[in-house]
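1. Build me a model:
(2 chains)
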2 protein chains.
Amino acid sequence: MTYCVGLLVEDGLVMIADTRTNAGLDDISTYRKLHHFNVPGERVMMLASAGNLSVTQSVLSLLAEGVPGADGEPPMRFVEAPTMFQAAQLVGDAIRRVRAIEREGFAAANLRFEVSFLFGGQIGGEPMRLFLIYSAGNFIECSVDAPFLQIGEHKYGKPILDRAVTYATDLYDALKVGLVSMDSTMRSNLGVGLPIDVAVARRNALDLEVSHRIEAGEPYFHDLRERWSAALRAAHRAIPRPPYGPAVR
Amino acid sequence: MTYCVGLLVEDGLVMIADTRTNAGLDDISTYRKLHHFNVPGERVMMLASAGNLSVTQSVLSLLAEGVPGADGEPPMRFVEAPTMFQAAQLVGDAIRRVRAIEREGFAAANLRFEVSFLFGGQIGGEPMRLFLIYSAGNFIECSVDAPFLQIGEHKYGKPILDRAVTYATDLYDALKVGLVSMDSTMRSNLGVGLPIDVAVARRNALDLEVSHRIEAGEPYFHDLRERWSAALRAAHRAIPRPPYGPAVR
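-> Predicted structure coming up:
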């Protein structure tokens, strides 16, 4: 299982991804799911993946080597995409290309071709953007009204995002709420686990401001989890007990 | 969509269910999903349903009229089941019976036969029990280590239950946390909505202590939602911002 969240607020972009990959309960590994394609001063791009590991790795390799064009056009590498929109299209193209190769084998093995990507960043003078790219290669874009997108095991961590994140949220507050969302997910689904990769890019900086891996036992994240648990306990204790009385039957 | 949660703590049983039923986004109705079968002094039983409404209603009707036995035994009505275990089996029998009738038509219409039930209560001197009954008619039982069960849209409301509910939790605190869990679910999934039905039975009372419908605008539930939102805002504001600095690439 996987959980990745991207938050695009006024001041910039945050992406957070776990690293747990499993093929059955007895085959658990750590794989990086959050990748950067960073050319300081020119572009900052982050790509997080969920779904079948063989597919997401093939998509990443294709993006690195270059995705062949449709009409005999030369292959385009991800870091050469002229705009964020074209880069998102390129991810979609790469997914479709891998699907064409794998379709028959997946069908024979009764495997589902299921992947999704969060793709965010900024290229040159164009706006910062955040996309969610589906298995079919199509994609949607984050808006000012709903300034976050999620892939993977997204439900456990959504309530806190729904409540606490707006477009005006401070960049590091967005990171903090994203980590609370990750914590909620890890508590409810053992398939999502540490270490966690984190990246932050400030709008118009065209560079990464944070690229950090949170390992088990890291003091800040440990403290965040403890404080959040204690605050939730205090919060529900402070609510009066329900006044409902005997039976209206 | 549906969300129902049952909590079996030391002092008794709480069940909470929403009432929203939809067949497409433009066909939304209110249907009771939480039912009581109560014979004060003899038994208290609560049954909450999720899934296809035609199936859950047929199961309920069968349970009321009596489920025919396997080997020509006379039909048994739900309120006559001698033990909670046999009552849970009866729900499973009713599901299998409805499935046998509907299988062909559902297949022709490409419908999935998907239902689930929470069934809790106490009969005579036997222990209070809480079961989750699946589409196949099989079921699991709640334990002291995990004193709640959920059906329907369960993920949004699970983190708070994971953190806040233990077997030792006070009965009305369990009700309160269950309502917070319902609130989280309603905020994140529009298919789950008011009114909410609530039932409480104290252990060994063999009667309902609360049977209440929370309508929109009810002061206590409104206040709970406001307080919970405010407390969550305060909680994440009180956590220090992440100290992560520039780029370990």
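2. Give me the distance between the helix ranked longest in chain A and the centre of its chain.
-> When chain A is parsed with DSSP state H, its longest helix is helix A:84-108. Chain-centre distance of helix A:84-108: 19 Å, with Cα atoms, centre = their mean, to the nearest Å.
3. now stretch A:166-185
-> Averaging C-alpha positions (Cα atoms, centre = their mean) puts stretch A:166-185 13 Å from its chain's average.
4. Contacts for stretch A:63-75, please.
-> A:47, A:76-78, A:90-91, A:93-94, A:97 (Cβ atoms under 8 Å, 6 or more residues apart in numbering or on different chains). Backbone N, C-alpha and C define where each C-beta goes, glycine included.
5. Using neighbour counts, pick out the buried residues of that stretch.
-> Buried residues in stretch A:63-75, counted by 16 or more other Cβ atoms under 10 Å in any protein chain shown: A:63, A:66-67.
6. closest to A:Met128 among these?
-> A:Leu63 (19.7 Å; Cβ to Cβ).
7. what about the closest one, which helix or strand?
-> Assigned by DSSP states H and E, A:Leu63 falls within helix A:53-65.
8. how about that helix as PDB, C-alpha atoms only?
-> Provided in PDB are the C-alpha atoms of helix A:53-65 (Å, rounded to 0.1, in the frame of the first residue of the first chain):
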ATOM      1  CA  LEU A  53       5.900  -1.200  -8.500                       C
ATOM      2  CA  SER A  54       7.000  -2.700 -11.800                       C
ATOM      3  CA  VAL A  55       4.800  -0.300 -13.700                       C
ATOM      4  CA  THR A  56       5.700   2.900 -11.700                       C
ATOM      5  CA  GLN A  57       9.400   2.000 -12.100                       C
ATOM      6  CA  SER A  58       9.100   1.500 -15.800                       C
ATOM      7  CA  VAL A  59       7.200   4.800 -16.200                       C
ATOM      8  CA  LEU A  60      10.000   6.500 -14.300                       C
ATOM      9  CA  SER A  61      12.700   4.900 -16.400                       C
ATOM     10  CA  LEU A  62      10.800   5.900 -19.600                       C
ATOM     11  CA  LEU A  63      10.500   9.500 -18.400                       C
ATOM     12  CA  ALA A  64      14.300   9.600 -17.600                       C
ATOM     13  CA  GLU A  65      15.300   8.000 -21.000                       C
END
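9. could you point out where chain A is predicted with low confidence?
-> Scanning chain A for pLDDT under 70 picks out A:23, A:246-249.
10. can you give me the helices in it?
-> A:53-65, A:84-108, A:158-164, A:171-188, A:219-238.
11. so which of those is the most packed in?
-> Highest mean neighbour count among the helices of chain A (mean count of other Cβ atoms under 10 Å in any protein chain shown): helix A:171-188, with a mean of 24.
12. Show me what it is packed up against.
-> Applying 3 or more Cβ pairs under 8 Å, 6 or more residues apart in numbering or on different chains; DSSP states H and E, we find helix A:171-188 packed against strand A:3-9, strand A:12-18, helix A:158-164, strand A:196-202, helix A:219-238, helix B:158-164, helix B:219-238.
13. any idea of the angle that helix forms with helix B:219-238?
-> Orientation check (axes from the mean of the first three to the mean of the last three Cα atoms, to 10 degrees): helix A:171-188 against helix B:219-238 gives 120 degrees.
14. quick one: helix A:171-188 to chain centroid distance?
-> 12 Å.
15. Pull out the CA atoms of that helix and give them to me as PDB.
-> Output of helix A:171-188 as PDB, limited to C-alpha atoms (Å, rounded to 0.1, in the frame of the first residue of the first chain):
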ATOM      1  CA  LEU A 171       3.800  26.500   3.500                       C
ATOM      2  CA  TYR A 172       5.200  24.800   6.600                       C
ATOM      3  CA  ASP A 173       1.800  24.500   8.300                       C
ATOM      4  CA  ALA A 174       0.700  22.700   5.100                       C
ATOM      5  CA  LEU A 175       3.700  20.400   5.600                       C
ATOM      6  CA  LYS A 176       2.800  19.900   9.200                       C
ATOM      7  CA  VAL A 177      -0.900  19.100   8.400                       C
ATOM      8  CA  GLY A 178       0.300  16.700   5.700                       C
ATOM      9  CA  LEU A 179       2.400  14.900   8.200                       C
ATOM     10  CA  VAL A 180      -0.600  14.600  10.600                       C
ATOM     11  CA  SER A 181      -2.500  13.200   7.600                       C
ATOM     12  CA  MET A 182       0.300  10.700   7.000                       C
ATOM     13  CA  ASP A 183       0.300   9.800  10.700                       C
ATOM     14  CA  SER A 184      -3.500   9.100  10.700                       C
ATOM     15  CA  THR A 185      -3.000   6.800   7.600                       C
ATOM     16  CA  MET A 186      -0.100   4.900   9.200                       C
ATOM     17  CA  ARG A 187      -2.000   4.300  12.400                       C
ATOM     18  CA  SER A 188      -5.000   2.800  10.500                       C
END
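16. Just want the angle from that helix to strand A:12-18.
-> Using the same axes, to 10 degrees: helix A:171-188 against strand A:12-18 is 20 degrees.
17. so helix A:171-188 versus strand A:196-202, what angle?
-> Using the same axes, to 10 degrees: helix A:171-188 against strand A:196-202 is 160 degrees.
18. Any chance of CSV for the helices of chain A, columns distance to A:Ser135?
-> Converted to CSV, the helices of chain A look like this (distance: least, Cβ to Cβ, whole Å):
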stretch, distance to A:Ser135
helix A:53-65, 9
helix A:84-108, 7
helix A:158-164, 20
helix A:171-188, 21
helix A:219-238, 31
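19. Any idea which of the ones you listed gets closest to B:Ala17?
-> So among those, helix A:158-164 is nearest, using Cβ to Cβ, at 19.0 Å.
20. Please determine whether the closest one lies in contact with chain B.
-> Yes. Using Cβ under 8 Å from any Cβ of the partner chain, helix A:158-164 reaches chain B at A:158-160, A:162-164.
21. start to end distance for stretch A:196-207?
-> Stretch A:196-207 has an end-to-end distance of 20 Å (criterion: Cα to Cα, to the nearest Å).
22. For that stretch, buried residues please.
-> A:196-202, A:205-207.
23. Pull the most distant pair out of those residues.
-> Taking Cβ to Cβ, no two of the buried residues of stretch A:196-207 sit farther apart than A:Ile196 and A:Leu206, at 24.7 Å.
24. re earlier: what angle separates the helix holding A:Leu63 from helix A:84-108?
-> Using the same axes, to 10 degrees: helix A:53-65 against helix A:84-108 is 140 degrees.
25. Return the distance of helix A:53-65 from the chain's centre.
-> 16 Å.
26. likewise stretch A:174-194?
-> Distance, stretch centre to chain centre, for stretch A:174-194: 12 Å (Cα atoms, centre = their mean).
27. Next, the contact list for the most centrally placed residue in chain A, please.
-> The residue lying closest to the centre of chain A (Cα atoms, centre = their mean) is A:Cys4, at 3.0 Å. A:Cys4 is in contact with A:15-18, A:33-34, A:48-50, A:118, A:150-152, counting by Cβ under 8 Å, 6+ apart.
28. now do A:Thr185
-> So A:Thr185 contacts A:3, A:18, A:153-154, A:156-157, A:192 (Cβ under 8 Å, 6+ apart).
29. show me which of those residues neighbour chain B.
-> Okay, of the contacts of A:Thr185 touching chain B (Cβ under 8 Å from any Cβ), that's A:Tyr156.
30. Just the closest of the contacts of A:Thr185 to A:Val144, please.
-> A:His154 (20.2 Å).
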